[in-house]
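J.: Got a predicted model here, sequence first, then my questions.
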Amino acid sequence: MSVQTKIYEGKAKILYTTDDPEILLADFKDDATAFNAQKRGSIEGKGNINCSISSKLFQQLEAQGIKTHYIDSPAPNQMRVKALKILPLEVVVRNIAAGSLCQQTGLALGTVLKQPLVEFYYKNDQLGDPLLTRDRLFLMGLATVEQVDMITHLALQINKSLGEFFQQCDITLVDFKLEFGLDSQQQLLLADEISPDTCRLWDNAQGSDPNLRVLDKDRFRRDLGNVENAYQEVLQRVIKTVESN
């Protein structure tokens, strides 16, 4: 496989074409951003770690019948993926109140939700990725009713699968962000990545300590330190759990 042209560079990844128009190469970066890129930095080894975690989690989901863009990982920080038309939506699933949900509702950090909450955000940095109502989503033509219903169903299915998997890692899945896209057959597939960059993950072994338990990008956002160690800890637990299953 020969890499051809860079077609996209985001905050965390670079996408390249390959000699197969149906396949792209995603190059995971060590760059770290927060607050819509207002805060920037670098996390040593993040590209390799996030690519490895995402690869293993995509394979776990595929084994359970959830279709993703994942093909394989030819290098530690590279993933071959199916070429998709990405829907301009960020789909957030929440199990426990944290982050913007606390800021916007007044719910206390750590409040366990009675049922998972699925939210849609407009993927647009200039507008600050605003929260969307279903009516606004349809007004803007961002997805069809059928696609939104399917995404909601898949998001809850993914949440159940990942939640159970992370519990085996002695980690609580607080919330996470998903992206979806359409392949050349107009089939809806899970895209992007699943990693400490896109999930809030709390270490069950640290009890209720609000700082020690954080194993995700909140360590970077909130200047908690030991960011690389936290990401590496997630990877090691994921590998151990995959190998034991």
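T.: Now that the structure is in, tell me what you want to look at.

J.: Can you verify my assumption that residue 180 contacts residue 85?
T.: No. Using C-beta atoms under 8 Å as the test, residue 180 is too far from residue 85 to be in contact (10.1 Å). All C-beta spots, glycine's among them, are computed from the backbone N, C-alpha and C.

J.: Those two: which has the busier surroundings?
T.: Between residue 180 and residue 85, counted using other C-beta atoms under 10 Å, the more crowded position is residue 180 (23 against 10).

J.: From residue 88, how far out is that one?
T.: 10 Å (C-beta to C-beta, to the nearest Å).

J.: Go through the longest strand along the chain and flag the buried ones.
T.: Assignment by DSSP state E gives strand 112-122 as the longest strand of the chain. By 16 or more other C-beta atoms under 10 Å, the buried positions in strand 112-122 come out as 116, 118-122.

J.: Could you pull up phi and psi at residue 171?
T.: Torsion angles at residue 171 (phi, psi; degrees, to the nearest 10) stand at phi -130, psi 140.

J.: Identify the residues contacting the residue nearest to it when sequence neighbours are not counted.
T.: Nearest-residue entry for residue 171: residue 201, 5.1 Å, with adjacent residues in sequence omitted and distances by C-beta to C-beta, 6 or more residues apart in numbering. Residues counted as contacts of residue 201 (C-beta atoms under 8 Å, 6 or more residues apart in numbering) are 166, 171-174, 214-216, 234.

J.: what do you get for residue 47?
T.: 27-30, 76-77 are the contacts of residue 47 under C-beta under 8 Å, 6+ apart.

J.: Quick one, grab the pLDDT at residue 34.
T.: Here, the pLDDT recorded for residue 34 equals 71.

J.: list the contacts for it?
T.: 217, 220-221.

J.: So, low pLDDT: which residues of the protein?
T.: 1-3, 35-39 (pLDDT under 70).

J.: domain ranges for it?
T.: As given by automatic domain parsing, the domain ranges for the chain are 3-82, 85-228+240-244.

J.: and the nearest residue to residue 134 once chain neighbours are set aside, which of the three is it?
T.: Counting by C-beta to C-beta, 6+ apart, residue 148 is the residue found nearest to residue 134 once chain neighbours are left out, at 6.7 Å. Secondary structure, DSSP: H, G, I helix; E, B strand; the rest coil: residue 148 is helix.
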